[in-house]
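Here is the input, now give the coordinates:
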Amino acid sequence: MTIEEAIVLVKTCAKKMDSRYGKVVFDEWAIVSLAENKARVLAYLGPRNDDFLKNFAADIGGLRKELHDAQYGVGDFAFERHGVGTGFEAFMVMGFGIYLICNNTRESMDGIAKNPRWLDAQVPFAELSDKVRPNPLAISWGDTQVAKKTP
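Now for the predicted structure:
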C-alpha cells in the first residue's frame, strides 16, 4: 500500500475506535520508518507535531525491545500497559522497518483498558491489522526502498 492509503486506513480506524470507546482512545497516531537505524516520521496525526520526533527516543520507552524483535511480522502489534503521558502505548508493524505508533498523551494504556468499552474498541484495530498483513506499506526515497521485505 502507499502512504496515502495507509493514512486513510489509520484515520478510519481511529474514528471507529473512538466511536466504540465513547471518547478518544489514542490522540496521537504516527507512521514512522526505522529503516537504516534512522527514525523518519512519514505521517503524523496528533497534538505534538513539532515535539514527536524530538522526543521519540524517550517516548518509545517500554516498546523499544518489541520494536526490534524479529518475531513481529507485518500486521502484528504490541501494547505497553504502563505507558503514561507521552510514552507510547502501542505499535503495529506496517511494513519492513515501518511502524504505526499509537499513543494517548493524557492516559495510560492501563487506564484505557479499565474501561469496559475497550474490548469493543479493539475491533477496528484488529481489522486494520488484517488489512495491513496482505498489503504492507512500501516507501521509497532517493535510492532507498523500504518495501515488502521480510526481516
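
who are the neighbours in contact with D51?
T86 (Cβ atoms under 8 Å, 6 or more residues apart in numbering). The way it works is simple: take the backbone N, C-alpha and C, and place the C-beta from them, glycine included.

Am I right that it sits in a strand?
No. Counting by DSSP: H, G, I helix; E, B strand; the rest coil, D51 falls outside a strand, being coil.

That one and E28, how far apart?
To E28, D51 is 10 Å away according to Cβ to Cβ, to the nearest Å.

again with E80
From E80 to E28 the distance is 13 Å (Cβ to Cβ).

Pull the number of nearby residues for the residue nearest to V24 when sequence neighbours are not counted.
Leaving aside its chain neighbours, V24 sits nearest to D18 (5.3 Å; criterion: Cβ to Cβ, 6 or more residues apart in numbering). Neighbourhood size, D18 [other Cβ atoms under 10 Å]: 16.

what's in contact with the helix or strand where D18 lies?
Using DSSP states H and E, the element containing D18 is helix 3-21. Applying Cβ under 8 Å, 6+ apart, the contact partners of helix 3-21 are 1, 24-26, 29, 31, 42-43, 45, 94, 100, 112, 115, 117-118, 120-125, 127-128, 131-132, 137, 139.
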